[in-house]
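Asks: could you look at this predicted model? Sequence included:
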Amino acid sequence: MRDRLPTFISLLLLALLVLATLWAVDYTQRSVALDPPRRVTHEPDSWSRNFTMVSTDASGMAINRLDGEMAYHYPDDDSYDIEHPRAVSNRAQSPMTVATSDTAHMNAGGDTITMTGNAHIHRQATAEDEALDVRSRVLIILPQEDVVYTNEPAVVVNGQSTLRGTGMRYDNRVRQLNVMSESDTKISGQQTQKTRSPNSSKDSQP
């Protein structure tokens with residue numbers, strides 16, 4: 001029995017040490033104030049002045065560029081608000097387009113850019129097509145699809161022709177313009193003649 005007494009004392013001291021450690025941990029957690037969880041609010045956490053963002057295709061060629069005077073990043077949804085933006089699309093098989101506005105909002109991933117306030121997009125003229133200009137209060141750009149659209153009233157100027165309507169979608173890859181609701185259209189005689197078939201007579205020209 002006397003031989004086992006040191007062993008019992010050692011086990012007792014070890015148990016007391018474990019209990020004391022657990023009590024100390026619990027006391028520390030209750031007495032030390034922990035930082036409260038961070039509130040997730042839509043407030044900017046960083047900003048950039050006179051910035052440029054460039055996206056490339058699979059071959060590494062630059063196809064989209066976004067410039068601005070100021071950009072504010074919001075961590076809650078990883079979006080950006082931009083002052084005086086300028087968005088350029090320059091794809092090998094499509095005409096270059098340049099879009100500007102007073103402000104813009106780019107969502108996370110950059111697949112949607114909403115241009116607001118004096119929104120304007122200009123498609124450069126090509127050998128086949130005259131220059132195209134679209135103006136509206138809001139223009140929404142889908143950079144990866146090379147598409148711009150709006151549900152607001154818009155004015156489209158294609159060469160010497162002017163079209164006014166509400167709701168518009170332009171696909172720069174196929175150079176196709178769709179207007180949802182036209183209110184006023186003015187088409188020049190020169191453009192009508194350019195699109196007329198070779199067999200059309202001059203007498204039927206407007």
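Replies: That came through, no problem.
Asks: which parts of the protein are helices?
Replies: 5-31, 189-195 (DSSP state H).
Asks: what is the burial count for the residue nearest to D81 when sequence neighbours are not counted?
Replies: Leaving aside its sequence neighbours, D81 sits nearest to Y72 (C-beta to C-beta, 6 or more residues apart in numbering; 4.7 Å). C-betas here are computed from N, CA, C, even on glycine. Neighbour count for Y72, taken as other C-beta atoms under 10 Å: 15.
Asks: where does the protein have low pLDDT?
Replies: Judged by pLDDT under 70, the chain has its weakly predicted residues at 1-5, 32-39, 187-206.
Asks: mean neighbour count, the helices of the chain: which tops it?
Replies: Compared across these, helix 189-195 shows the largest average neighbour count, a mean of 12 (mean count of other C-beta atoms under 10 Å).
Asks: the residue nearest to D81 pairs with what?
Replies: W47, D81 (DSSP bridges).
Asks: to M106, which of the helices of the chain lies closest?
Replies: helix 189-195 (35.0 Å; C-beta to C-beta).
Asks: apart from its chain neighbours, what residue comes closest to V88?
Replies: Nearest to V88 is R65, by C-beta to C-beta, 6+ apart, at 4.4 Å.
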